[in-house]
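Novice: mind looking at a prediction? Sequence and model below.
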Protein chains: 4
Amino acid sequence: MKVGFIGLGRMGAPMARNLSKAGHELTVYNRTRSKAEHLGVQVANTAADAARSAEIVITMLADDHALENVVFGHEGIASAMQPGAIHVSMSTISVALSQRLAKEHRERKQAYVAAPVFGRPQAAEAVKLFVVAAGDPTMVKKCEPLFSALGQRTFFMGDQPEEANVVKLSGNFLIASVIECLGEALSLVRKYNVDPEKYVEMLTSTLFSAPVYKTYADLIVKEQFEPAGFRLQLGLKDVRLAMAAAEAQAVPMPVASVIRDHALEGIANGMSDKDWSSLAQVVASNAGLNGRK
Amino acid sequence: MKVGFIGLGRMGAPMARNLSKAGHELTVYNRTRSKAEHLGVQVANTAADAARSAEIVITMLADDHALENVVFGHEGIASAMQPGAIHVSMSTISVALSQRLAKEHRERKQAYVAAPVFGRPQAAEAVKLFVVAAGDPTMVKKCEPLFSALGQRTFFMGDQPEEANVVKLSGNFLIASVIECLGEALSLVRKYNVDPEKYVEMLTSTLFSAPVYKTYADLIVKEQFEPAGFRLQLGLKDVRLAMAAAEAQAVPMPVASVIRDHALEGIANGMSDKDWSSLAQVVASNAGLNGRK
Amino acid sequence: MKVGFIGLGRMGAPMARNLSKAGHELTVYNRTRSKAEHLGVQVANTAADAARSAEIVITMLADDHALENVVFGHEGIASAMQPGAIHVSMSTISVALSQRLAKEHRERKQAYVAAPVFGRPQAAEAVKLFVVAAGDPTMVKKCEPLFSALGQRTFFMGDQPEEANVVKLSGNFLIASVIECLGEALSLVRKYNVDPEKYVEMLTSTLFSAPVYKTYADLIVKEQFEPAGFRLQLGLKDVRLAMAAAEAQAVPMPVASVIRDHALEGIANGMSDKDWSSLAQVVASNAGLNGRK
Amino acid sequence: MKVGFIGLGRMGAPMARNLSKAGHELTVYNRTRSKAEHLGVQVANTAADAARSAEIVITMLADDHALENVVFGHEGIASAMQPGAIHVSMSTISVALSQRLAKEHRERKQAYVAAPVFGRPQAAEAVKLFVVAAGDPTMVKKCEPLFSALGQRTFFMGDQPEEANVVKLSGNFLIASVIECLGEALSLVRKYNVDPEKYVEMLTSTLFSAPVYKTYADLIVKEQFEPAGFRLQLGLKDVRLAMAAAEAQAVPMPVASVIRDHALEGIANGMSDKDWSSLAQVVASNAGLNGRK
């Protein structure tokens, strides 16, 4: 398929590479052009150029602001895409922006699919992402060859693109909740001299044998918060987006509130650029345990 | 081994049966004698009688109060056990009571091992419990044949019996946190018309593929809160015990506080005897979703 | 003084009247022109017209959005105000918008003073408002004759206009916290059959003898939530603005989080248009007390 | 009246002195006898001796434990008081203990009145306490000459003694909530460079002109946390008692939960013996402001 791909960051670069390997005809655009050049595919000068003749345009950008620029800004894709072409937004963005994209593309007779992913850069590289897709089922179907080239499994969530975004945000909230709650449980048992490694081994061999517990318990116990896989300030951003989506529909989420307050506490105390698993360090230091204080 | 076994409730009865099947010589005691009789083992008239000639006395009772009665009350085991005999407390009790038991048994030259379990009655029946043990390693070793007859795996947590209790309580806190957080995430996505079953299928096929998410997400989505596997008021009791242990060591646990407040809200609104997964119903009703309000 | 006055809502109308009574030469503008006409002062067709020849332009509008329109929109005041003229923003707005106004007016050689007020419409009528002002002291001084005509006292908070806004938002947070905490305390004592009126009489005769306790305790005990003096959804808006200002500076405010969650709970359950003192009803119903559930 | 007075701590000593000055015939008892001797009244060797011939026995002790000892312990007052004599418990105790006292005295044909007070030692000295009384109205009436000698005003809350205790505990919760919320508001405005003294002056001249705001805002702004008027660990104890009373009646109090967690955080970080207004320091340090971290 003819694919425009915009955004070659830590996630986007391996994703574009995998699409190209799978035989798709890519035109890529990245703000910093140098990052695009070593991919060995066609490089566009503007987002619009990458989108102009594509059947499908994939965006994988840092945040709402970057995506808005690329879609609606000068030389953006909204005015360049052909009628009938599909914009597949794979970044983690706000529900509000996804709703706006649905509306704006509809008005231009373009299609819009939201398809955020779960997985860190290594998973992107290894074609191990999980894709969470939503939108017009016919359009989502057209995208499936691309999703198969990017991840190990695609989950179709519903007809409204925003459903995929809210699912992604709620998923990041659940990951953050695991970090927070492990942090609280570990602080408790450490104060009673329980060996944290034995404790985690017990948890993850029994009821809590999921990847998310293994990954984060390991980071927390080793206090391995740098280099960050996902920075605390980005974690806060995603929790904020989940809370904004919740507020728009009047959903109280008190554990999200706790996480937000702890993320702010971490940021106020110099931890913005640590991995978001350092939320557990905020919790530990509040209990007087080593670390920050 | 000669084993005294006290407490034949929904957990204790299958445990006693499994010990007997494994060839141990049991004398059992239960406040309501009738529950003891159909086990086909020796039935004692008092807790003291069950303990008098036992090498190991196992207690599996409802709460601190029941255990205190059986140990220190009239015809209790503390005064009946032989020097060198071991009291294995397998109920979920407070850290404070476990500390007291350690002290009192020591003064009487008796041994004390704390060995609470993870698992519901079906797991007890199927010898699938997880045993979390702590205490003098030599004594814990002596108990291993019993633990093997009761569960699929034993985790040794440390030399101080209280370590096992705090681990058990923290584990129940973590289970409650999964219920609470799934409740918040599900309320959010339901307000955006996401199909809860698809959502849970996605979560439990990916990052959250642990038994605890599968079990509780299923109960929550089906709103199957009765009959209770574990009643909300008992869930509150365990969270309270975790918070009391935390308070004794100055550990703030704000998510535990949220859970406590939601459990009280449920109890204030008639849900005491529902399954503790109904915490998620409290969350949903606060978001204006069906159910209670 | 020659004053442009924009926004004749429940607060703005009596304020404009008082300025006119005090002898100032007013030109008013209101989106719905009819509300302006019975004031007996000059009525402008556009915000720009009200601002063009004014020494001071006062805005008193519902929210950020309305103020942005009036300042930067078509026929807005920013392009109409004379160099050296002062824009006095008296609405409760976000810190971020206040910062933007400061910057934009500076670039146009206009002055900008933030001067939000404490007080309900009756207080506005009775010249009993409290004015919280910040900005260039020389400019604030020029506004003082106006402030004296509007309120009983003016507090100068500092050189940066945003200081007045953050003080106003924090004040509204404190009022909301009084409602929330009275709600919790009253739920507790009511469950023990204490007479709420006696209770409130005791509180407000002793340590809590401030207007804010008297006003809100009275509304809560009488469950007089309609008609709303200040609607719950506006209360939520102000708490959200306080939390946004806090987030921008990394300040965790967990009680603000509790209030936000309770406001959302109220809104999810049909209470948007009740007075914000009905936060206490959310709290009471969570305790199983009469009312909503 | 013939009065037994037990407990001559920082509150009890000036109270006993004032009763004696008012002409009542006192017999006092204090665990440390030396503190009793310089009062110039009769000193008993045991609590029982102080109670034996008294019409009214007042207890003013540190906590539940101390009161239980004095009432039910060896040489306690329960077995010494005459039928018809009144025990007036003026300490801040748990609702549960007050309920037990009511029951036990009733069984012994003795009367029981709960009459905790608001006010610090200086207020006790100056006969400025507020007395919150509950119990059989005839008995409360008999105590009024004593209450008049101790405080500036008595509030009668109801027929059940526990009502006075729950009112007192809820009052201490409200004071703690003022400290917490002022701490949050001050952290917010300080981050925007608002002068804290000007801020507090504004608050306490307007809506928040109550003694509790003046007293605590002053301590917080001056960071005058030592010597403690009321230690943080005692503050935590009272919040815990309020939460226990709330739990017994299924009342969620999420702001109390926040306060409890912050008190634990302070205690975990070495602040047990500071004044409880240092809760605001916990809040400030979480925002990265000076102080602890």
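Specialist: On my side now, so go ahead.

Novice: list of residues touching stretch A:61-77?
Specialist: For stretch A:61-77, contacts defined as Cβ atoms under 8 Å, 6 or more residues apart in numbering or on different chains pick out A:4, A:6-7, A:9, A:12, A:46-51, A:57, A:59, A:78, A:87, A:89, A:91, A:93-94, A:97, A:101, A:104, A:237. C-betas here are computed from N, CA, C, even on glycine.

Novice: what's near enough to touch residue A:50?
Specialist: Under the criterion of Cβ under 8 Å, 6+ apart, the contact list for residue A:50 reads A:4, A:5, A:6, A:27, A:28, A:29, A:44, A:57, A:77.

Novice: on that earlier part again, next step: the contacts of stretch A:61-77 restricted to strands.
Specialist: Taking DSSP state E as the definition of strands, those contribute A:4, A:6, A:57, A:59, A:87, A:89.

Novice: who wins for neighbours among those residues?
Specialist: The member of the ones in strands among the contacts of stretch A:61-77 surrounded by the most neighbours (other Cβ atoms under 10 Å in any protein chain shown) is residue A:6, with 31 neighbours in all.

Novice: ok, then the element right after the longest strand seen in chain A?
Specialist: Across chain A, the strand with the greatest residue count (assigned by DSSP E) is strand A:151-158. Where DSSP states H and E defines the elements, the next helix or strand beyond strand A:151-158 is helix A:161-191.

Novice: for residue A:218, which residues are in contact?
Specialist: A:200, A:224.

Novice: circling back: which one of the ones in strands among the contacts of stretch A:61-77 is nearest residue D:242?
Specialist: In terms of Cβ to Cβ, no member of these lies closer to residue D:242 than residue A:89, at 49.6 Å.

Novice: quick one: the residue nearest the centre of chain A and residue B:59, what's the gap?
Specialist: Centre of chain A computed as the mean C-alpha position; nearest residue by Cα atoms, centre = their mean is residue A:92, 4.3 Å away. From residue A:92 over to residue B:59 the distance is 51 Å, taken as Cβ to Cβ, to the nearest Å.

Novice: same check, this time on residue A:86
Specialist: Taken as Cβ to Cβ, the spacing of residue A:86 relative to residue B:59 amounts to 65 Å.

Novice: now residue A:60
Specialist: Noted for residue A:60: a distance of 58 Å to residue B:59, by Cβ to Cβ.

Novice: what do you get for residue A:107?
Specialist: Between residue A:107 and residue B:59 the distance, using Cβ to Cβ, works out to 71 Å.

Novice: residues contacting residue A:154?
Specialist: Applying Cβ under 8 Å, 6+ apart to residue A:154 gives the contacts A:115, A:130, A:131, A:132, A:133, A:144, A:147, A:148.

Novice: I'd like to know how far it sits from residue D:264.
Specialist: In terms of Cβ to Cβ, residue A:154 sits 45 Å off from residue D:264.

Novice: would you mind checking which helix or strand in chain A has the lowest mean pLDDT?
Specialist: helix A:34-37 (a mean of 92; mean pLDDT, DSSP states H and E).

Novice: list the contacts of it.
Specialist: Helix A:34-37 has contacts (Cβ under 8 Å, 6+ apart) with A:8, A:13, A:28, A:29, A:30, A:43.

Novice: got those residues as TSV, with distance to residue D:276 and neighbour count columns?
Specialist: Rendered in TSV, the data for those read as follows (distance: Cβ to Cβ, whole Å; neighbours: other Cβ atoms under 10 Å in any protein chain shown):
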residue	distance to residue D:276	neighbour count
A:8	55	27
A:13	54	22
A:28	60	26
A:29	59	26
A:30	56	23
A:43	64	20
